[in-house]
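Asks: attaching a predicted model along with its sequence, questions to come.
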Amino acid sequence: MSAIRRLSQLEVVLVLLIYLPLIGAFYIAAQRHGAERRHQAWAAAVDGSDLYDLLATGSLSPRPMLADLAAQRALVAVSEDTVGSLVDAGRVLLAPATGSLGMRLLIPDAELAERVRLHLVIKLATDLRLQPQPGGWLLEVPAARSLLDVVGVGLPPARVAMLQQAGLGVVARLRNYRGVSPLALDFMVAQAAGQGARVVLFEGDEVLGYPGCIKECAAALSCHGVRYCSVEFAKQRGDEALGRELEGELVRAHSITAAEMATIRPAEAVERFQRAVRERGIRLCYLRSYSGSRATPQQLLADIDQLSRGLARHGFRAAGPYPVPPLPLPGWIRWLVAVVPVAAAVLLLGLIYPLSDRARLVLLLLGLAAGAALFSLAPGLLPKEKALLAAVVFPSLSLVLLARSLELWHPAGMGRPELLLRAVLLLLTITLISLGGALVVVAMLSDRVYLAKADQFLGIKLATAAPVLLVLLVAAGKLYADNLSPRQWWALARSRLGSLLGRPVLLWQAVLAAAALGVLALFLLRTGNEPGLAISPLELKFRSLLEQYLPARPRTKEFLVGHPALMLAVAMAATGRRRWLVLALAAAAIGQVSVVNTFCHLHTPLALSLARVLTGLGVGAVVGAVVVLLWLALAGRLDKPQAGPPEAT
C-alpha cells in the first residue's frame, strides 16, 4: 500500500532485533517438536474398586478379564487399605479403648496384624505392640477413629499379587493425612515401589506431603523411581508445588468423575479421552465403570480397545505412561530471544507516538536493563514476563500497522477479485506478524515444567484484553505518529478524542456498546486452559463436527470472528464506508490475539497448534470472502438512487 514509508536507521535496527533472534526461536520450536514426537506413549488405568466389582458381578471370570487387560497394556489403580476399610470388610474388629483416648483393634490374621502395626508405628510416630488374644492380636492405638479411617496401612498384598501374576502394572493410590512426616511419606512411597508400583496417583483433594513436606515427597518419588500422576482439573492442593519440585518430571492424567460416568455415553467418554491425549499432553487415562446395565467387563474392555485404536491412528502407542522428556537448550538462545519483545514494544510505541531515534534507543536500553534486573532478582519470572510482553505487543503491532495502512489507503477502481485477493494477502501478512509473538512464547516457555503444566503462562486475560482495547483506542482516535511533533500529536489527540467523546450517544449506539462489552467479557471468561464459563452441549457438538471434517479444529474466535472481520475492514476501507471500520478492527484484533493465545496452551503439541492456526486461516478466509461479497452487494444496493414518490397532479 502507499501507506508504507521508509524506515529510519533505528527502526531498521529494531526490525533486525525482532526478526534475527527469531531464528533461535525457530530452533527451540524444532527441538520441542522433536521431543513431543518422541513422547507418544500412553496407558489406560482402570479403577481398582470398579474392577473388583465388575469381576464379582460380571459374566467373565477374573483370569480371562485380567489377561485381556494385560494384552491392552492397561494398569490397575489400587488403593491403600485403611483401618476403616478393613473394619468394613470384617477383617478387623474395632472398639474404643477403655480408660484412655484411642481405639482397640482386634485382628485375627497375624500377617495383617503385623502390617497394620508397622504402618501405624511409622505414620503415627508412636510405639505399638501386638498383644496375643484368644480371637487374634490386640493393638491399642492412641488415635481417634477419624484419623484411622484415612491413614493407609499399605496396598493389599493379595490383590497386588493377583494383578502382577496376570501381567498387569499397578498404580498406587496413596492418601495424605494430617501430620504426615518425611519419614512416613518416604516409607509409603518405598512400600508402594517395593510392591511393583511405578506410578502413584494420590487420593483425596491433597497430594502426599501437603502442606509442609512437598519437597520431601518429591525427593522420595525421585529416590524410589515412582512417577507422579497429576490429574488435570482435579484441583488437588499442592499439585503445582509438587510439579515444580519435580521440575516437570511427571505424568499428566485425565479422568471422568463418577457422577459424569452415570450419564455419559461410551462414545463420548472415548472421544473425550482421545482428545485429552492428542491435544493436552495427557498420558494416563483413568477409567471408571459406568452405572446400571452398562457396568460390564465387556464394555470396559471395548472402551479401552476403541481408545487404543483411535490413538494409534494418530501415532500414539499403548506402552506405559512416561514423563514429559527434558528439553536441554543453550541458555544464550533464550537470552537472544528475550530481546525481541522489547524491540517490538519500542517499535509499536514509535508507531503510535512520535519518538526521536535517541528516545527509542533509550527506551530499548531501559527495557533490556529491566529484564536483566528482573533476572537477577527473580530468574523464574523473566521467561514469563517476556512471553507475556510478546503476547501483548505482537498482535497490537500487527493491528496498529493494519489500522494505519487502512487509514491512509485510498484505492481507486478496485474490482472484487482484486479486493478479495488483497484482503486475503493482508490477513496472511498480519497473522504472520502476530505469529512472531507466538514464537517468542514458545522459545521462552518450552521447559519441561511448562510442558507438563506444573507451571503456566501468566497473564492470559491481560494478553487477551490489552491488544483489543489498544487497537480500539488507536483506531478510534487515529493516534498515529506520522511526521508529527509531540506538540502536534498531543493537540490532534485531544481534538480527536474530545470530538469522539463529545458526540451525543443515541439509544442504539448505547445498546451496541453494551453488547460489545458483553462480547468482550464473554471472550475473557472463555479464555484460558480452565475457562470460567462452561461450554454448551451445542458448541461441543459443533466442535466435534469440526474435528471430524477438518485437519484440526480451528478456534471459533478466529475463523468466525477475527479473520472475517479483518477482511471486512479491508472492504470497508476500499469502498470508502469507514463508519464501522473501528469496530471491525477491534473484532480483527480478537482473531490475532487468539492466534497467539493458541501457542500459550503450552501442554498442547506444537504441530497441533500450528495446524489449528493454518486451518483457521483457510476457513476464515472462505468465511471472510463470503462476508466481503455480502458487504459489497449491500453497499452497492445502498449506493443506488432511490425512486421518489409520484408527483402530485
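Replies: Right, received. Where do you want to start? Numbers count the residues shown, from 1 in each chain.
Asks: just to check, residue 286 is in contact with residue 199?
Replies: No: at 10.7 Å, residue 286 does not count as touching residue 199 under the criterion of CB atoms under 8 Å. Quick note: C-beta positions are derived from backbone N, CA and C, even for glycine.
Asks: now do the shared contacts for the two.
Replies: residue 45 (CB atoms under 8 Å, 6 or more residues apart in numbering).
Asks: show me the domain layout of the chain.
Replies: Annotated domains of the chain cover 40-80+154-318, 85-151, 380-637 [automatic domain parsing].
Asks: let me have those domains in JSON lines, extended by distance to residue 337, mean neighbour count and mean pLDDT.
Replies: Listed next are those as JSON lines, based on distance: least, CB to CB, whole Å; neighbours: other CB atoms under 10 Å; pLDDT from 0 to 100:
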{"stretch": "domain 40-80+154-318", "distance to residue 337": "20", "mean neighbour count": "19", "mean pLDDT": "90"}
{"stretch": "domain 85-151", "distance to residue 337": "48", "mean neighbour count": "16", "mean pLDDT": "88"}
{"stretch": "domain 380-637", "distance to residue 337": "4", "mean neighbour count": "18", "mean pLDDT": "84"}
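Asks: so which of these comes closest to residue 329?
Replies: domain 380-637 (7.4 Å; CB to CB).
Asks: residues in contact with the residue nearest to residue 103 when sequence neighbours are not counted?
Replies: In space, and not counting its chain neighbours, residue 103 is closest to residue 141: 5.2 Å by CB to CB, 6 or more residues apart in numbering. Residue 141 sits next to 83, 97, 102, 103, 104, 105, 120, 124, 126, 128, 148 when contact means CB under 8 Å, 6+ apart.
Asks: count of residues packed around the first one?
Replies: A count of neighbours around residue 83, defined by other CB atoms under 10 Å, yields 27.
Asks: thinking again about what came up before, for the domains of the chain, give me JSON lines that also has distance to residue 34.
Replies: Formatted as JSON lines, the domains of the chain follow (distance: least, CB to CB, whole Å):
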{"stretch": "domain 40-80+154-318", "distance to residue 34": "12"}
{"stretch": "domain 85-151", "distance to residue 34": "44"}
{"stretch": "domain 380-637", "distance to residue 34": "10"}
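Asks: which parts of the stretch 151-300 of the chain are strands?
Replies: Under the criterion DSSP state E, counting those that start in this stretch, the stretch 151-300 of the chain contains strands at 169-173, 199-200, 227-231, 251-255, 284-287.
Asks: cool, the stretch 501-649 of the chain as well?
Replies: Counting by DSSP E, counting those that start in this stretch, the stretch 501-649 of the chain has no strands at all.
Asks: now the helices for it?
Replies: 507-525, 537-549, 556, 563-575, 581-598, 606-639 (DSSP state H, counting those that start in this stretch).
Asks: check contacts around residue 25.
Replies: Contacts for residue 25 (CB under 8 Å, 6+ apart) come out as 337, 340, 439, 440, 442, 443.
Asks: turn these into a markdown table, including secondary structure and distance to residue 160.
Replies: Listed next are these as a markdown table, based on DSSP: H, G, I helix; E, B strand; the rest coil; distance: CB to CB, whole Å:
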| residue | secondary structure | distance to residue 160 |
| --- | --- | --- |
| 337 | helix | 49 |
| 340 | helix | 53 |
| 439 | helix | 48 |
| 440 | helix | 49 |
| 442 | helix | 43 |
| 443 | helix | 45 |
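Asks: which one of these is nearest residue 598?
Replies: Among these, and counting by CB to CB, the member closest to residue 598 is residue 442, at 10.8 Å.
Asks: which residues touch the closest one?
Replies: Residue 442 touches 25, 28, 29, 32, 599, 606, counting by CB under 8 Å, 6+ apart.
Asks: how close does it get to residue 400?
Replies: Counting by CB to CB, to the nearest Å, the gap from residue 442 to residue 400 is 23 Å.
Asks: what's the answer for residue 28, then?
Replies: 27 Å.
Asks: which parts of the stretch 151-300 of the chain are helices?
Replies: 157-165, 182-194, 214-224, 239-245, 258-261, 266-280, 297-312.
Asks: which neighbouring elements make contact with the fourth one?
Replies: Contact analysis of helix 239-245 by 3 or more CB pairs under 8 Å, 6 or more residues apart in numbering; DSSP states H and E lists helix 214-224, strand 227-231 as its packing neighbours.
Asks: got a list of contacts for that helix?
Replies: By CB under 8 Å, 6+ apart, the residues outside helix 239-245 that reach it are 207, 209-210, 214-215, 217-218, 228, 230-231, 250, 449, 452-455.
Asks: 7 Å instead, please
Replies: Identification of contacts with helix 239-245 by CB atoms under 7 Å, 6 or more residues apart in numbering yields 207, 214, 215, 217, 218, 228, 230, 250, 449, 452, 454, 455.
Asks: for it, what is the distance to the chain centroid?
Replies: 16 Å (CA atoms, centre = their mean, to the nearest Å).
Asks: and if you look at the third one?
Replies: With CA atoms, centre = their mean as the basis, helix 214-224 stands 26 Å off its chain's centre.
Asks: show me the contact partners of it.
Replies: The contact list for helix 214-224 (CB under 7 Å, 6+ apart) reads 182, 185-186, 189-190, 193, 200, 207-209, 228, 238, 241-242, 245-246.
Asks: now do the second one
Replies: For helix 182-194, the surrounding residues in contact (CB under 7 Å, 6+ apart) are 122-123, 152, 154-155, 172, 174, 200, 208-209, 213, 216-217, 220-221, 224-226.
Asks: try 8 Å
Replies: With contacts defined as CB under 8 Å, 6+ apart, helix 182-194 is touched by 119, 122-123, 125, 152, 154-155, 172, 174, 200, 208-209, 213, 216-217, 219-221, 223-226.
Asks: same check, this time on the last one
Replies: Outside helix 297-312, the residues that touch it by CB under 8 Å, 6+ apart are 42, 44, 46, 51, 54-55, 58-60, 65, 68-69, 72, 74, 266, 269-270, 273-274, 277-278, 285, 287, 289-290, 318.
Asks: what packs against the following helix or strand past it?
Replies: Using DSSP states H and E, the helix or strand that directly follows helix 297-312 along the chain is strand 317-318. Under the contact criterion of 3+ CB pairs under 8 Å, 6+ apart, strand 317-318 touches strand 41-47, helix 297-312.
Asks: can you redo these as CSV with distance to residue 372?
Replies: As requested, the helices and strands packed on strand 317-318 are exported to CSV (distance: least, CB to CB, whole Å):
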stretch, distance to residue 372
strand 41-47, 41
helix 297-312, 45
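Asks: to residue 379, which of these lies closest?
Replies: Across those, residue 379 has its closest neighbour in strand 41-47 (32.2 Å, CB to CB).
Asks: the closest one to strand 251-255, inter-axis angle?
Replies: Between strand 41-47 and strand 251-255, the angle comes out at 50 degrees (axes from the mean of the first three to the mean of the last three CA atoms, to 10 degrees).
Asks: how about the CA coordinates for the next helix or strand after strand 41-47, as PDB?
Replies: Downstream of strand 41-47, the next assigned helix or strand under DSSP H and E is helix 48-57. Output of helix 48-57 as PDB, limited to C-alpha atoms (Å, rounded to 0.1, in the frame of the first residue of the first chain):
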ATOM      1  CA  GLY A  48      -9.300 -51.000  41.100                       C
ATOM      2  CA  SER A  49     -12.500 -50.800  43.200                       C
ATOM      3  CA  ASP A  50     -14.700 -50.700  40.000                       C
ATOM      4  CA  LEU A  51     -12.700 -53.600  38.600                       C
ATOM      5  CA  TYR A  52     -13.200 -55.800  41.600                       C
ATOM      6  CA  ASP A  53     -17.000 -55.000  41.500                       C
ATOM      7  CA  LEU A  54     -17.100 -56.000  37.800                       C
ATOM      8  CA  LEU A  55     -15.200 -59.200  38.500                       C
ATOM      9  CA  ALA A  56     -17.600 -60.000  41.300                       C
ATOM     10  CA  THR A  57     -20.800 -59.400  39.300                       C
END
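Asks: hmm, who's touching helix 48-57?
Replies: So helix 48-57 is contacted by 62, 65, 76-79, 159, 173, 288-289, 295-297, 300 (CB under 8 Å, 6+ apart).
Asks: show me what contacts the residue nearest to residue 416 when sequence neighbours are not counted?
Replies: Using CB to CB, 6+ apart and skipping the chain neighbours, the partner closest in space to residue 416 is residue 632 (6.2 Å). Applying CB under 8 Å, 6+ apart to residue 632 gives the contacts 416, 419, 571, 575.
Asks: thanks again, I'm all set now.
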